[in-house]
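Undergrad: Take this sequence and fold it.
(one chain, ligands or ions: 1)
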Amino acid sequence: MSDDLLKKVISHAKEYGYIFPSSEIYDGLSATYDYGQNGSELKNNIKEYWWKSMVQMHENIVGIDASIFMHPTTWKASGHVDAFNDPLIDNKDSKKRYRADVLIEEHVEKIRQKIDKDVAKGLKRFGDDFNEEEFRKTNPNVLRNIAKIEDIEQKFKDSLGKDDLPAVKELIEELGIACPVSGSKNWTDVRQFNLMFSTEIGSLADGSSTIYLRPETAQGIFVNFLNVQKTGRMKIPFGIAQIGKAFRNEIIARQFIFRMREFEQMEMQFFVKPGTQKQWFEYWKETRIKWHKALGLGEENYRFHDHLKMAHYADAATDIEFNFPMGFKELEGVHSRTDFDLKAHEEYSGKKLQYFDPQENKSYVPYVIETSIGLDRMFLAILSNSLKEETLEDGSSRTVLALPPALAPTKAVIMPLTKKDGLPEKAMEVMNELKYDFNCQYDEKDSPGKRYRRQDALGTPYCIMIDHQTLEDNTVTIRDRDTMKQDRVSITDLRGIIGEKISFSGLLR
Ligand code: ATP
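TA: Coordinates of the predicted model:
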């Protein structure tokens, strides 16, 4: 069912110019995609929603745009050269490669699903009298499964913490995890694999040197911490936001744009006084989940999840998970990064990266709370959640992409009822009026019904029809994508109607 949905999303994305496989004429490159004419608009609008919520809505957050290449010592200091590894394991029969932590997490997820099934059974049996909290605390099956999960998680955390890779393999064997492709339990040893892409800078004659494509945008913020603080006269607490490409040589890149080797991140590092990090961690968890929920994709589709494998820099970390077609998966991370990064850069660069606190009359290295969201994952969350197949009253069906109007690529399509009688000219007049404020399209091909359906599938909130009456009294019909209701309004009112519907302010308030 969910596989079907993902397939539908992929083919819809291609058919309507949202996402194409990269270099398709050469049969594509695995896990690499290009955003098409509508995809790039949607992506830009998501960026705008994020940027406004961070930079425009917080007087103490500013944005930067650092380069992808950085001095190679950056990645030594950040720990990525030594510790940005995934534990990988191969199945000897299928020759398929997996991330050991993912195999274990998927196993744990199956146990969680068993618990949910037991809960659902309880609900069916006891109906309104069912007390879910009590049931989870007392039902023997549920308790046994919870204990199982805790045991696995503890063992896994301990083994990784000690870098004990044979113990990770033992755990996989002990749990009886089989390869989903071959069904066999014939595994290789677990090895660590560094995820950074490297390349050479300069010509060999000049003495070339290895540099990395950044695996996260965050380090561009840390190395600019003092530049921004001083030139922006920023007072702690303050944040620096950035949107940009990141690259990771993922062992298994799959599930469409969910996991790619080249992707985009929207990250914000918030610098705080040491000792206040817990409070700011909670603040950003709440602020970020509110930002997500404001889009109206359904509150039940989000949950927090603490990661088993804490990154090397964090003292607290949570994921905001979204209910993707493949199930609940990480969409965003909120991390308390301590003073790990700034301290490490001080050490490796020999430069002070401290803040002078005028109230305390002393200098210190700030602590950092980070919010980090994958733009492509956000795109997939919105696209998959918005794609709907509706049955209409007359029994026919329609495909509608119910995108949040503020994010829709095209806000209104202007259509002449027919291609004659001066209607196209009038439609172009309306289009030329509106195009300064909104991304509009003109469409005169096919019957009105067909044109409406096409715009429903593209996610356009409004269709504006120019007919013969328009020539007489300057009114048009405006059709709403979601209700399919048509209203006759004056051309002069269009800007106000569309503007209200697509404004970001309702989402940001
Ligand atoms: P995962 O556990 O899924 O590999 P992660 O915990 O390594 O993710 P972070 O390092 O916290 O991810 O990166 C922050 C965000 O960047 C993630 O929440 C995700 O939205 C996005 N992201 C990370 N890796 C990828 C990828 N390969 N493709 C697309 N987005 C990604």
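
Undergrad: how about the CA coordinates for stretch 491-498, as CSV?
TA: The C-alpha trace of stretch 491-498 is given here as CSV (Å, rounded to 0.1, in the frame of the first residue of the first chain):
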residue,chain,number,x,y,z
ILE,A,491,-11.0,41.7,-11.6
THR,A,492,-10.0,44.5,-9.2
ASP,A,493,-10.6,42.1,-6.3
LEU,A,494,-8.4,39.3,-7.6
ARG,A,495,-5.2,40.6,-6.0
GLY,A,496,-6.7,40.7,-2.5
ILE,A,497,-8.4,37.3,-2.8
ILE,A,498,-5.3,35.5,-4.1
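
Undergrad: same question for that stretch, mean pLDDT?
TA: What stretch 491-498 shows for mean pLDDT is 97.

Undergrad: Then stretch 422-432?
TA: 97.

Undergrad: contacting residues around it?
TA: 414-417, 440, 442, 444, 464, 466-468, 470-471, 476, 491, 494 (C-beta atoms under 8 Å, 6 or more residues apart in numbering). The C-beta positions use only the backbone N, C-alpha and C, and glycine is treated the same way.

Undergrad: And for stretch 226-237?
TA: By C-beta under 8 Å, 6+ apart, stretch 226-237 touches 60, 62, 64, 238, 240, 270-273, 276, 280, 353, 355, 357, 366.

Undergrad: among those residues, which are in strands?
TA: 62, 64, 238, 240, 270-272, 355, 357 (DSSP state E).

Undergrad: what does the domain assignment say about this structure?
TA: Domain segmentation of the chain under automatic domain parsing yields 36-70+213-387, 85-194, 392-508.

Undergrad: Surely Ile115 forms part of a helix?
TA: Yes. When DSSP: H, G, I helix; E, B strand; the rest coil is applied, Ile115 is found to be in a helix.

Undergrad: how many neighbours does it have?
TA: If you count neighbours by other C-beta atoms under 10 Å, Ile115 ends up with 19.

Undergrad: thought it was touching Ala147?
TA: No. Between Ile115 and Ala147 there is no contact under C-beta atoms under 8 Å: 11.2 Å.

Undergrad: out of the ones in strands among the contacts of stretch 226-237, which one sits closest to the ligand?
TA: Phe270 (15.2 Å; C-beta to the nearest ligand atom).

Undergrad: give the contact list for that closest one.
TA: So Phe270 contacts 61, 237-239, 280, 284, 368-371 (C-beta under 8 Å, 6+ apart).

Undergrad: Kindly recompute the last result at 7 Å.
TA: 237, 239, 280, 284, 368-369 (C-beta atoms under 7 Å, 6 or more residues apart in numbering).

Undergrad: Just the closest residue of the stretch 351-500 of the chain to the ligand, please.
TA: For the stretch 351-500 of the chain, C-beta to the nearest ligand atom, closest residue to the ligand: Gly374, 2.5 Å.

Undergrad: re earlier: now list the buried members of the ones in strands among the contacts of stretch 226-237.
TA: 62, 64, 238, 240, 270-272, 355 (16 or more other C-beta atoms under 10 Å).

Undergrad: quick one on the thing from earlier: state the distance from the residue of the stretch 351-500 of the chain closest to the ligand to Gln265.
TA: According to C-beta to C-beta, to the nearest Å, Gly374 and Gln265 sit 6 Å apart.

Undergrad: does Pro87 count as helix, strand or coil?
TA: Pro87 ends up strand, using three-state DSSP.

Undergrad: Starting from Asp82, give me the distance back to the closest residue to Ser209 other than its chain neighbours.
TA: Excluding its sequence neighbours, the residue lying closest to Ser209 (C-beta to C-beta, 6 or more residues apart in numbering) is Ile201, at 5.8 Å. From Ile201 across to Asp82, the span is 21 Å (C-beta to C-beta).

Undergrad: and what of Lys273?
TA: From Lys273 to Asp82 the distance is 29 Å (C-beta to C-beta).

Undergrad: Got phi/psi on the nearest residue to Thr338 once chain neighbours are set aside?
TA: Spatial nearest neighbour of Thr338, chain neighbours left out: Asp315 (5.0 Å); criterion: C-beta to C-beta, 6+ apart. Main-chain torsions, Asp315, degrees, to the nearest 10: phi -110, psi -10.

Undergrad: what's around Asp315, how many residues?
TA: As a measure of burial, Asp315 has 14 neighbours, counting by other C-beta under 10 Å.

Undergrad: again with Ser159
TA: Ser159 has 21 nearby residues by other C-beta under 10 Å.

Undergrad: residues from the protein in reach of the ligand?
TA: Contact residues, the chain versus the ligand (C-beta under 6 Å from any ligand atom): 248, 250, 259-260, 263, 265, 330-333, 372-374, 376-377.

Undergrad: Among those residues, which lie within strands?
TA: 263, 265, 330-333, 372-374.

Undergrad: I'd like those residues as a markdown table, with pLDDT and neighbour count appended.
TA: A markdown table is the format used below for these (pLDDT from 0 to 100; neighbours: other C-beta atoms under 10 Å):
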| residue | pLDDT | neighbour count |
| --- | --- | --- |
| Phe263 | 97 | 20 |
| Gln265 | 98 | 22 |
| Glu330 | 95 | 17 |
| Leu331 | 98 | 22 |
| Glu332 | 98 | 24 |
| Gly333 | 96 | 20 |
| Ser372 | 98 | 20 |
| Ile373 | 98 | 25 |
| Gly374 | 98 | 23 |
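
Undergrad: Pro166: which of those is nearest?
TA: For those, the minimum distance to Pro166 (C-beta to C-beta) is 27.6 Å, reached by Glu330.

Undergrad: looking at it, that closest one is touching Phe322, isn't it?
TA: No. Counting by C-beta atoms under 7 Å, Glu330 sits too far from Phe322 to count as a contact (8.2 Å).

Undergrad: Do me a favour and get the end-to-end distance for stretch 219-236?
TA: Start-to-end span of stretch 219-236 (C-alpha to C-alpha, to the nearest Å) is 19 Å.

Undergrad: correction: stretch 337-356
TA: 20 Å.

Undergrad: same deal with stretch 23-31?
TA: OK, stretch 23-31 end separation, C-alpha to C-alpha: 11 Å.

Undergrad: what residues does it touch?
TA: 21-22, 253-254, 260-261.

Undergrad: Can you mark which positions in that stretch are buried?
TA: Here stretch 23-31 shows Ala31 as buried, counting by 16+ other C-beta under 10 Å.

Undergrad: same question, stretch 434-446
TA: 434, 438-441, 443-444.

Undergrad: Which ones among these map onto helices?
TA: Leu434 (DSSP state H).

Undergrad: Which ones among the buried residues of stretch 434-446 map onto strands?
TA: Using DSSP E, the buried residues of stretch 434-446 in strands are 440-441.

Undergrad: Show me which of the buried residues of stretch 434-446 is closest to Lys169.
TA: With C-beta to C-beta as the yardstick, the closest approach to Lys169 among the buried residues of stretch 434-446 comes from Asn439, at 53.1 Å.

Undergrad: wait, doesn't that closest one sit right on Lys411?
TA: Yes. Counting by C-beta under 7 Å, Lys411 is a contact partner of Asn439 at 5.6 Å.

Undergrad: Spit out the residues that contact these two alike.
TA: With C-beta under 7 Å, 6+ apart, Asn439 and Lys411 have no common neighbours.

Undergrad: now the strands: where do they sit in the stretch 301-450 of the chain?
TA: Ranges of strands in the stretch 301-450 of the chain, per DSSP state E, counting those that start in this stretch, are 302-305, 316-324, 327-338, 355-357, 362-364, 367-374, 387-391, 397-401, 412-416, 440-442.

Undergrad: Let me fix that, I meant to ask about the stretch 1-150 of the chain.
TA: Going by DSSP E, counting those that start in this stretch, the stretch 1-150 of the chain shows strands at 19-21, 33-35, 61-64, 85-90, 97-99.
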